[in-house]
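> here are the coordinates; sequence isn't available:
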């Protein structure tokens, strides 16, 4: 039993990716599930038709069973969900047309057509799924009503045929509404997930990367550095006497200062550079392909921009200064060690009078 369960699990999960909540995973899983269920049911129906000596129906159902399994193999080999879903769905539609034409066993064949609306809508989406259903209903309506059933291999009453069409249209409408609602819910959930994922990476005040995101980005740059040697410099920046600013002018003004500084810093950086709010009034600059000398040049540029920054409190202009420590991250170095060096340089800049930059270049 456990071995059978393991085999079925492996069958249903064929082609799934690591993206657990990806909608394409659901489609792949449904293709695998539907191919298995379709293969088993049509196989059993084929055996039943064979027992009842309806050999043509038995052959058709047996071929359908093979087709469903072939759809699974097609997806497994090509990883093309679009192709495999089309292969399975249109095979199903042709089988349903045949069941309407032949009547199946004791004229119960048309009862199976109601599986098409949900399957078509899920596999092909709302727009194309509706088109598939409308084309199918036109085809079977033509077959059933043309010259009072001249194209049929069996007989249905007029009442049965009209009620079959009305019922199918009702199921199609309800399935379409469900697919529309499901898609709206999925899109809303996806957008909400992206929004929260973005918020988890950003500092809510300055809209810069937060400490957690900065470390992840720094790890990515460090991995690139190990593959392709390049210089990476780090600048740890701290606002001078920020506590005094908060105590004197209030925390709202302090927040305003941080926001203005964040904009100022972003204007000074290149596209590939990364800046984050490291914590409180501290900012971390991650500078790929930047030597210590170039990082010092950038630091001087930042000092000039900050000196020209005008932070207004009522009618008073408050002048802000910053202190910075610079270090270089090497491919063989640990990230935290490089950050600690920048932090020590920042401390040295603070105790040396503030409003200056200290780097390992000066050692």
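Yes, it's here. Because the structure is predicted, anything quoted here is derived from the model rather than measured.
> only C-alpha atoms for contact and neighbour calcs from this point on.
OK.
> can I assume residue 355 is in contact with residue 240?
Yes - counting by Cα atoms under 8 Å, residue 240 is a contact partner of residue 355 at 7.1 Å.
> if I look at these two, which residues touch both of them?
321, 322, 323 (Cα atoms under 8 Å, 6 or more residues apart in numbering).
> Just give me the neighbour total for the nearest residue to residue 41 once chain neighbours are set aside.
Leaving out its chain neighbours, the residue that sits closest to residue 41 by Cα to Cα, 6 or more residues apart in numbering is residue 65, at 7.8 Å. Here the count is done by other Cα atoms under 10 Å, and residue 65 has 23 residues near it.
> cool, residue 268 as well?
The burial count for residue 268: 14, using other Cα under 10 Å.
> Check residue 256 too.
The number of residues packed near residue 256 is 16, by other Cα under 10 Å.
> Work out for me the element it sits within.
helix 251-268 (DSSP states H and E).
> for the record, mean pLDDT for the helix or strand just after that helix?
Heading C-terminal from helix 251-268, the first helix or strand you meet, by DSSP H and E, is strand 274-279. Confidence for strand 274-279, expressed as mean pLDDT, is 94.
> cool, and stretch 98-112?
For stretch 98-112, the mean confidence score works out to 90.
> how about it: buried residues?
If you call a residue buried by 16 or more other Cα atoms under 10 Å, then stretch 98-112 has these buried ones: 98, 99, 100, 101, 102, 103, 104, 109, 110.
> That one: end-to-end distance?
Stretch 98-112 has an end-to-end distance of 11 Å (criterion: Cα to Cα, to the nearest Å).
> so residue 234 bridges to which residues?
residue 286, residue 327 (DSSP bridges).
> and it, how many neighbours?
When neighbours are counted by other Cα under 10 Å, residue 234 registers 29.
> ok, back up a step: how about the secondary structure of the residue nearest to residue 41?
Here residue 65 takes the helix state, with states given by DSSP: H, G, I helix; E, B strand; the rest coil.
> Checking the residue lying closest to residue 102 once chain neighbours are set aside next. Helix, strand or coil?
Distance criterion Cα to Cα, 6+ apart; nearest residue to residue 102, sequence neighbours excluded, is residue 153 at 5.0 Å. Here residue 153 is coil, with the state taken from three-state DSSP.
> if I read this right, residue 153 contacts residue 103, doesn't it?
Yes - applying Cα under 8 Å as the test, residue 153 and residue 103 come out as touching, 7.4 Å apart.
> which residues are in contact with the helix or strand of the chain with the lowest mean pLDDT?
Ranking every helix and strand in the chain by mean pLDDT, DSSP states H and E puts helix 2-12 at the bottom, with a mean of 75. Helix 2-12 is contacted from outside by 29, 32, 33, using Cα under 8 Å, 6+ apart.
> Can you point out the buried residues in that helix?
11, 12.
> ok now it, how far from the chain's centre?
A distance of 28 Å separates the centroid of the chain from that of helix 2-12, by Cα atoms, centre = their mean, to the nearest Å.
> Show me what counts as buried in the helix or strand following that helix.
Downstream of helix 2-12, the next assigned helix or strand under DSSP H and E is helix 23-51. Across helix 23-51, burial judged by 16+ other Cα under 10 Å covers 25, 27-36, 38-40, 42-47, 49-50.
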